[in-house]
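Undergrad: what follows is a predicted structure for the sequence shown.
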Amino acid sequence: MKHLHVLRSVLLIALFSSGSALAQLELKFGHVGEPGSLFAKSAEEFAKRANGKLGNKAKVVVFGSSQLGGDKELLQKLKLGTVDFALPSTVMSSESDLFGIFEMPYLVKDRKHMNAIEKEVFWPRLAPEAEKKGLKILAVWENGYRHITNNKRPIVVPKDLDGIKLRVPEGKWRVRMFQAYGANPSPMKFSEVFTALQTGVMDGQENPFSQIVSAKFQEVQKFLSLTGHVYTPAYITVGSKKWATLPADVRKVLEDTAKELQSFVYATAQKDENELLDKIKAAGVKVNEVNKAAFVAASKAVYEEFGKEVKGSKELIDKALALAK
């Protein structure tokens, strides 16, 4: 009889523990940002808000610093269902050429302009392109305005980039752009950039302040040139197959939270911009303004090439530019 009680207790414990394991579905969120970056702050705030609403139905767990892979690997893992969320930006143009619209220099004037582009261009035309590749975008966040750092000289006009070995993200249009400016661009994983700059394998890189400071690039770079050449949106993205297997109520909470978080991301990005520039200066990096008109003029070739090579892109670019108020 005693054995029967013990057996019943063991079965009950097993039943409850498997029940809670089923209830506590773990959803992995991978990104390439270092602690303190806009990516890290955005992903952690998303997890905090979503988990607060989900109760014991599911739990979002964040893995930053490329722990689950670089941008390309994360997209692959989303499709395979081994990672649940990622936060790609530039790399999306390697999935669909139309995403290269956000690689076009000086396209996005400010966040208000980006909001208009999101409504009129992104959701109707770009989000469906991602879905064709097995990826579903829940919301548009950001990676910010990009600026150039290097160890050779201040960059004031495109000609100053001649011969500079510049790390760029994994997206071909950024490569084309810097080739047009006269630099020697090389795509490289974000996690490898610090060492490449420290050892001189690369002379420079281009990123928003948030990524520069959180990855400590200011410790291994002498010059920061305020080019603001590209505004990079970031997309909170899931794999369509795995997403479809989640309960509808869980999906609703996650999607609503992703969308509502955009205002937090924008406000955080704006606040960080001023504070982080001071940190970069404090590290002894020489900061200079650039001749933006010269960069805009040198960008024409990239726009022309993109318009010719990517079907339907010219119409999207014209629409996006027309939305600038």
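TA: Happy to help now that I have it.

Undergrad: for residue 56, see how far away residue 268 is.
TA: 29 Å (CB to CB, to the nearest Å). All C-beta spots, glycine's among them, are computed from the backbone N, C-alpha and C.

Undergrad: I meant residue 176, not that one.
TA: 49 Å.

Undergrad: repeat for residue 235
TA: 29 Å.

Undergrad: who has more neighbours, those two?
TA: residue 235 (26 against 10; other CB atoms under 10 Å).

Undergrad: list the contacts of that one.
TA: Residue 235 makes contact with 87-89, 92, 130, 137, 139-141 under the criterion CB atoms under 8 Å, 6 or more residues apart in numbering.

Undergrad: out of the residues you listed, which comes closest to residue 204?
TA: Using CB to CB, residue 89 comes nearest to residue 204 of these, at 19.1 Å.

Undergrad: now the closest one. Its backbone dihedrals?
TA: Note on residue 89: its backbone torsions stand at phi -130, psi -100 [degrees, to the nearest 10].

Undergrad: can you give me the strands for this structure?
TA: Along the chain, counting by DSSP state E, strands occupy 25-30, 58-63, 85-86, 135-145, 147-150, 165-168, 184-187, 204-207, 223-226, 231-239, 286-289.

Undergrad: out of these, flag the one nearest residue 96.
TA: Comparing these under CB to CB, the one sitting nearest is strand 135-145, at 9.3 Å.

Undergrad: each with direction, which strands does that closest one pair with?
TA: Looking at strand 135-145 with DSSP bridges, its partner strands are strand 231-239 (antiparallel).

Undergrad: quick one: the partner strand to chain centroid distance?
TA: Chain-centre distance of strand 231-239: 6 Å, with CA atoms, centre = their mean, to the nearest Å.

Undergrad: between that strand and strand 25-30, how many degrees?
TA: Angle, strand 231-239 to strand 25-30, by axes from the mean of the first three to the mean of the last three CA atoms, to 10 degrees: 150 degrees.

Undergrad: then strand 231-239 to PDB, C-alphas only?
TA: This file holds the C-alpha atoms of strand 231-239, laid out as PDB (Å, rounded to 0.1, in the frame of the first residue of the first chain):
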ATOM      1  CA  TYR A 231      19.600  55.500 -41.000                       C
ATOM      2  CA  THR A 232      19.200  51.800 -40.300                       C
ATOM      3  CA  PRO A 233      15.900  50.400 -39.200                       C
ATOM      4  CA  ALA A 234      16.000  47.100 -37.300                       C
ATOM      5  CA  TYR A 235      13.200  44.500 -37.600                       C
ATOM      6  CA  ILE A 236      12.000  42.300 -34.800                       C
ATOM      7  CA  THR A 237      11.700  39.100 -36.800                       C
ATOM      8  CA  VAL A 238      10.400  35.600 -36.300                       C
ATOM      9  CA  GLY A 239      10.500  32.400 -38.400                       C
END
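
Undergrad: for that strand, the averaged confidence score.
TA: The average pLDDT for strand 231-239 rounds to 98.

Undergrad: tell me the spacing between the closest residue to residue 103 other than its chain neighbours and residue 230.
TA: Counting by CB to CB, 6 or more residues apart in numbering, the nearest residue to residue 103 once its immediate chain neighbours are dropped is residue 173, at 3.5 Å. Distance of residue 173 to residue 230, computed by CB to CB: 9 Å.

Undergrad: how about residue 183?
TA: Distance from residue 183 to residue 230, by CB to CB: 14 Å.

Undergrad: buried residues of stretch 71-83, list them for me.
TA: 71, 73-75, 77-79, 83 (16 or more other CB atoms under 10 Å).

Undergrad: ok, residues contacting that stretch?
TA: Contact with stretch 71-83 is made by 28-32, 68-69, 84-86, 88-91, 94-95, 133-135, 169-170, 189-190, 237-239, 241-242, as judged by CB under 8 Å, 6+ apart.

Undergrad: may I have it as CSV, with CA atoms only?
TA: Output in CSV follows, covering the C-alpha atoms of stretch 71-83 (Å, rounded to 0.1, in the frame of the first residue of the first chain):
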residue,chain,number,x,y,z
ASP,A,71,23.1,38.2,-38.2
LYS,A,72,23.2,35.7,-41.1
GLU,A,73,23.2,32.7,-38.8
LEU,A,74,20.4,34.2,-36.7
LEU,A,75,18.2,34.5,-39.8
GLN,A,76,19.0,30.9,-40.7
LYS,A,77,18.1,29.8,-37.2
LEU,A,78,14.8,31.6,-37.4
LYS,A,79,13.9,29.7,-40.5
LEU,A,80,15.0,26.4,-38.8
GLY,A,81,13.0,27.2,-35.7
THR,A,82,16.0,26.9,-33.3
VAL,A,83,15.8,30.7,-32.4
